[in-house]
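S.K.: Give me a model of this one.
(one chain, ligands or ions: 1)
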Amino acid sequence: MLPKKAPPAPEPFVPKKGKTPALIRGMRDILPADWPWWNLVINKVHAIARDFGFERIETPILEETSMFVRSVGKETDIVEKELFSFEDRGGDSVTMRPEGTAGVARAYLEHGMIAMPQPVKLYYLGPFFRYDRPQSGRYRQFWQCGFELFGDNHPVVDAEIIAIGATLFSELGIPVRVQVNSVGDAASRAAYVKVLTEYFRTRKSRLCEDCKRRLQKNPLRILDCKVPDCQLLTQDAPAMVDHLSEPAREHFVKTLEHLDDMDVPYDLNPRIVRGLDYYTHTAFEYVAADGVGVDKAQSALGGGGRYDGLVELFGGRPTPAVGFAAGIERTIMQLKARGVQPPVPQRPDVFLAQLGDTARRKTIKLFRELRSLGISVAATFSKTSIKAQLEAANRLRAPFTLILGQKELVDDTILMRDMENGIQEIVDFSKAVSEVQKRVQKANGEKQLVNPPATPEPPKAAA
Ligand code: HAM
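M.R.: Presented below is the predicted three-dimensional model:
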């Protein structure tokens, strides 16, 4: 049998030079130099969640488009203009989450958390997407941390949620004031919408085209229109708080009383209606108390409110809920504007440097051994010059470096160099590990001496 003819050899792959890829507008890289600030905020979020008894939940970035349209609201800016939506390969319309509350409410319902002891307290931290006009403090991908509490309608819980956000900011060193309002319950809203419609109807010609349409469909949304002329008109519009039903008024007053009890500073602001439809009763935003580092258009560092109808809207039984979310980038901008310095990143305990192939092999083994003992080790094995390796050690702020050169290989020793004063000691190679351990333990002990743990004051004797 004749051998089969071999298929023609594939053309060699020659990569074509194209345009250099660049960041998509409104997106940002979080670079190594940014992470100390990010870690500062992220660690604080986790600590606050732990202290207040919130458990972490992360929902997917992609959800059904209809979920956001129904919850956030058809006539909101977010749904009308800002959704990152597309058809997936199966022909379903999906959206990159513009906010977290809807996804968490969906998960609460879908995983039967409604049957758990209430309240259920959840928090999340991750990226969100809005196709907004990018500017300082407003991006198309941004991060939020959010806290959501389900299954409790007591006004003290509204105050508690507001206090958690205020604590987060104040413990980060950002003094905030809470701008608080009530958007009432369904009954108050119906009454208010009537009054508001009347107000805007007589001024319709001065509204933007979008708001003319909103006047028919959802007049409340005119209140958060960003067009300057519309904003001017809304300044004199009737306020929701003047049209609250008795139960809604009572809920609001109680919430404010509890805020006083909790020493959370707030301002009543009838203009806070929030750009999302799901809110009921309390609605609030956090703004920097002293105006430092605040760009007027992006002054809200966070916001939230009660959303008692959302779980029911998704098909669950009526379940009260309240929560807030804070913008991480805006929070970091505040930290930088206030000169808050994040903690210096941790440094390695020791750096390993080597000269030549045999020494490299030996230090690779030593590296693994030290790591297995819980010692944090750094090295740049590919470097061949000691100078370059010592520079790397200095950059990482390693307190000392072990150097294995030709001479040390022959003598079965290793050099131990103090990176602060440059003093070098010769140590038997067999004692290198125990010597490093000793030094690391000493360094850790000294750290404690520099920062002795606060001794709690003895309890005072009862008078
Ligand atoms: P939100 O007010 O739309 O509320 O967003 C919360 C925070 O996210 C804002 O105060 C802001 O700091 C940040 N943020 C929003 N959009 C951008 C953007 N384009 N660029 C940078 N930062 C931004 C919500 O999302 C609700 N889900 C909050 C909530 C939770 N309500 C109840 N529970």
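S.K.: wait, does stretch 183-202 contact the ligand?
M.R.: No: shown here: stretch 183-202 not in contact with the ligand (C-beta under 6 Å from any ligand atom), separated by at least 12.0 Å. Quick note: C-beta positions are derived from backbone N, CA and C, even for glycine.
S.K.: gap between that stretch and the chain center?
M.R.: How far stretch 183-202 lies from its chain's middle: 35 Å, per C-alpha atoms, centre = their mean, to the nearest Å.
S.K.: And the average pLDDT for it is what?
M.R.: Regarding stretch 183-202, the rounded mean pLDDT is 92.
S.K.: Buried residues, it. List them.
M.R.: For stretch 183-202, the neighbour count (16 or more other C-beta atoms under 10 Å) marks 183, 184, 185, 188, 189, 192, 196, 199, 200 as buried.
S.K.: ok, now stretch 218-234?
M.R.: Going by 16+ other C-beta under 10 Å, stretch 218-234 has these buried residues: 219, 220, 221, 222, 223, 224, 225, 230, 233, 234.
S.K.: Off-centre distance for that stretch?
M.R.: With C-alpha atoms, centre = their mean, you get 29 Å for stretch 218-234.
S.K.: Now tell me what touches it from outside.
M.R.: 73-77, 183, 189, 192-193, 196-197, 200, 203, 206-208, 210-211, 214-215, 237, 271, 273-275, 277, 297 (C-beta atoms under 8 Å, 6 or more residues apart in numbering).
S.K.: Mind checking which of those residues are in helices?
M.R.: Judged by DSSP state H, helices contain the following of the contacts of stretch 218-234: 77, 189, 192, 193, 196, 197, 200, 210, 211, 214, 215.
S.K.: Now flag whichever of these is closest to residue 331.
M.R.: residue 77 (22.3 Å; C-beta to C-beta).
S.K.: what about the closest residue in space to residue 398 that isn't next to it in sequence, which helix or strand?
M.R.: Distances taken as C-beta to C-beta, 6 or more residues apart in numbering put residue 351 closest to residue 398, at 3.8 Å, once the chain neighbours are dropped. Secondary-structure assignment from DSSP states H and E places residue 351 in strand 350-354.
S.K.: What helices and strands are in contact with that strand?
M.R.: helix 357-372, strand 377-379, helix 386-395, strand 400-404, helix 432-450 (3 or more C-beta pairs under 8 Å, 6 or more residues apart in numbering; DSSP states H and E).
S.K.: of all the ones in helices among the contacts of stretch 218-234, which comes closest to the ligand?
M.R.: residue 77 (9.8 Å; C-beta to the nearest ligand atom).
S.K.: what's around the nearest residue to that closest one once chain neighbours are set aside, how many residues?
M.R.: Closest residue to residue 77 apart from its sequence neighbours, by C-beta to C-beta, 6+ apart: residue 275 at 5.7 Å. Other residues within reach of residue 275, judged by other C-beta atoms under 10 Å, total 19.
S.K.: With distance to the ligand and mean pLDDT added, can I get the helices and strands packed on strand 350-354 in CSV?
M.R.: What follows is these, written out as CSV (distance: least, C-beta to the nearest ligand atom, whole Å; pLDDT from 0 to 100):
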stretch, distance to the ligand, mean pLDDT
helix 357-372, 39, 96
strand 377-379, 35, 97
helix 386-395, 33, 96
strand 400-404, 43, 97
helix 432-450, 36, 81
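S.K.: Could you identify which of these is most buried?
M.R.: Ranked by mean neighbour count under mean count of other C-beta atoms under 10 Å, the helices and strands packed on strand 350-354 are led by strand 400-404, which reaches a mean of 24.
S.K.: Check which strands are paired with that strand and give the direction for each one.
M.R.: strand 350-354 (parallel), strand 413-418 (antiparallel) (DSSP bridges).
S.K.: roughly how far apart are residue 274 and residue 27?
M.R.: Note on residue 274: its distance to residue 27, by C-beta to C-beta, to the nearest Å, is 25 Å.
S.K.: Please identify which of those two sits among more neighbours.
M.R.: Comparing residue 274 with residue 27 by other C-beta under 10 Å, the one with more neighbours is residue 274, at 21 against 14.
S.K.: Contact residues of the stretch 1-150 of the chain facing the ligand?
M.R.: So far as C-beta under 6 Å from any ligand atom goes, the stretch 1-150 of the chain lies against the ligand at 99, 100, 101, 130, 132, 137, 138, 139, 142, 144, 146, 148.
S.K.: And the fifth one, how close does it get to residue 17?
M.R.: Which is residue 132. 34 Å.
S.K.: Tell me which of these two has more neighbours.
M.R.: Each of residue 132 and residue 17 has its neighbours counted (other C-beta under 10 Å); residue 132 has more, 17 against 6.
S.K.: Now do the SS call for the more buried one.
M.R.: With DSSP: H, G, I helix; E, B strand; the rest coil as the basis, residue 132 sits in coil.
S.K.: how about it, phi and psi?
M.R.: phi -100, psi 170 (degrees, to the nearest 10).
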